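> Build me a structure from this.
(one chain, ligands or ions: 2)
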Amino acid sequence: MYQAFLIKYGEIGIKGKNRHVFEDALVLQISHALKPVDGEFEVTKEQGRIYVTAEGDFDYEETVTALTRVFGIVGICPMVQVEENGIEQLEKDVLAFLNSVYPEKNQSFKVQTKRAKKSYPMDSMEINARLGECILDAFPDMRVDVHDPQILLHVEIRNKVNIYSEIIPGPGGMPVGTAGKAMLLLSGGIDSPVAGYMIAKRGVTIEATYFHAPPYTSERAKQKVVDLARIVARYSGPIKLNIVNFTDIQMYIYDKCPHDELTIIMRRYMMKIAEHFAKEDHCLGLITGESIGQVASQTMQSLAATNEVCTLPVYRPLIAFDKNDIIAVSEKIDTYETSILPFEDCCTIFVAKHPVTKPNVNIIKRSERNLKEKIDELVHTAIETVETVLVEA
Ligand code: ATP
Ligand code: MG
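Ligands and ions are numbered 1, 2, ... in the order given. So this is what the prediction gives:
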């Protein structure tokens, strides 16, 4: 029945002169998202509207699912597009639409016409009345309800006529590719995939860095992170993932530093190395899944100590989220089931029983002096031996 979709976008609509940049990015992201879908599609932009038109057969459910993952879209309207051939023809087209979409035809309705073609001989009020009357004549069990109709029938008169009644919610946000790039510190946990999703939703292109510690962390644990990146990539587009071997650095810190400071010192080195890759690829910031007070390494004091090594801004979209709220997002975006698979993380393996909860940066820096002999060389090696994979949905 449906052969096309009208795409509604939100915040892009309020952009001024560079609005076309955002629209073009949205068209591009929609095209990317539809590539794996069964069917041939054309994505077009005209008169402040974006249309997805299927050429021939296509998988409706798959198409809608793909579109609900494109940031920047607020509404997906399956529509019928007909030629503009006068009011009598429009009456027939509207009845045909109702016939095929609503077989019961006993609902309340309201016609909402938008007349973008100003040369049309009737105004929108007149068209509403005329179409409403014709629907009542054809389907006696239907009734008009202008306040809370079950069917809100949109009729848009442009060069052609768009008829639709359903608006499927999109994810909102801004099209990826309109806001620069950032480096996500991606672990196998619940939080960091959600953090990456949230920043990507604002139009930011995402890269990621994962630290593992073989043989203490397994191949399965690494695969889990790749799988998480793949799920996030459904929304963000392809993610370049750096996999860094952190074992020697971790062992060295374990040897040389007080054990209650391990997590903080490790985290500081993770940030430094992630920042190295970030700068190399012109990222404008780092992203983590930290939230105030969630664990010892995320108290305000710990966050300050971690932050202190970074020169790029660190974006922490979950900073004020409760764990339950984070879980709710991870369930919505489908990362939760993967995140809770019980594989070891490099942070949990060397973790102290009683980590400091209020680290003092000066004391941490003093402990780090114990590392001066070998740490630069180890960091250098970790960077040199990075494994990089492009993860696609
Ligand atoms: P998550 O669920 O994201 O793992 P968490 O609650 O386990 O978070 P921490 O282990 O303290 O919290 O990690 C805080 C943040 O540091 C993570 O959200 C992530 O951004 C980063 N991080 C932690 N471990 C790693 C890792 N092995 N590789 C890359 N980033 C990491
Ligand atoms: Mg973790």
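> What helices and strands are in contact with the lengthiest strand in the chain?
Longest strand in the chain by number of residues (criterion: DSSP state E): strand 73-83. For strand 73-83, the contact count by 3 or more CB pairs under 8 Å, 6 or more residues apart in numbering; DSSP states H and E identifies strand 4-9, helix 60-67, helix 86-101, strand 160-164, strand 168-169 as packing neighbours. (Glycine included, C-beta is placed from N, CA and C.)
> Nearest spatial neighbour of the residue in the stretch 101-250 of the chain positioned nearest to ligand 1, chain-adjacent residues omitted?
Ligand 1 sits closest to residue 189 of the stretch 101-250 of the chain, with a gap of 2.0 Å, by CB to the nearest ligand atom. Using CB to CB, 6 or more residues apart in numbering and skipping the chain neighbours, the partner closest in space to residue 189 is residue 339 (6.0 Å).
> Do I have it right that that neighbour meets residue 186?
No. Contact criterion CB atoms under 8 Å: residue 339 and residue 186 do not qualify, at 10.9 Å.
> of the two, who's got more company?
Set side by side, residue 339 and residue 186 show more neighbours around residue 186, with 30 against 23, by other CB atoms under 10 Å.
> Partner strands of the host helix or strand of residue 209, with direction?
Using DSSP states H and E, residue 209 falls within strand 205-212. Sheet pairing of strand 205-212 (DSSP bridges) gives strand 181-185 (parallel), strand 239-245 (parallel).
> quick one: is it near ligand 1?
Yes. Strand 205-212 is in contact with ligand 1 by CB under 6 Å from any ligand atom, via 209-211.
> and which of those is nearest residue 95?
Lowest distance from residue 95 to these (CB to CB) belongs to residue 210, with 57.1 Å.
> Which residue is the nearest non-sequential neighbour of that closest one?
Residue 210's closest residue in space is residue 225 (CB to CB, 6+ apart), at 4.7 Å.
> I'd like the distance between that neighbour and residue 286.
17 Å (CB to CB, to the nearest Å).
> The residue of the stretch 101-250 of the chain closest to ligand 1 contacts residue 338, correct?
No. Contact criterion CB under 8 Å: residue 189 and residue 338 do not qualify, at 10.5 Å.
> For residue 91, which residues are in contact?
Residues counted as contacts of residue 91 (CB atoms under 8 Å, 6 or more residues apart in numbering) are 130-131, 134.
> Looking at these, spot the one nearest residue 25.
residue 131 (36.2 Å).
> my read is that closest one is in a helix, agree?
Yes. Judged by DSSP: H, G, I helix; E, B strand; the rest coil, residue 131 forms part of a helix.
> So the nearest residue to it once chain neighbours are set aside: helix, strand or coil?
The spatial neighbour of residue 131 that comes closest, neighbours along the chain excluded (CB to CB, 6+ apart), is residue 111 at 4.7 Å. When classified by three-state DSSP, residue 111 comes out as strand.
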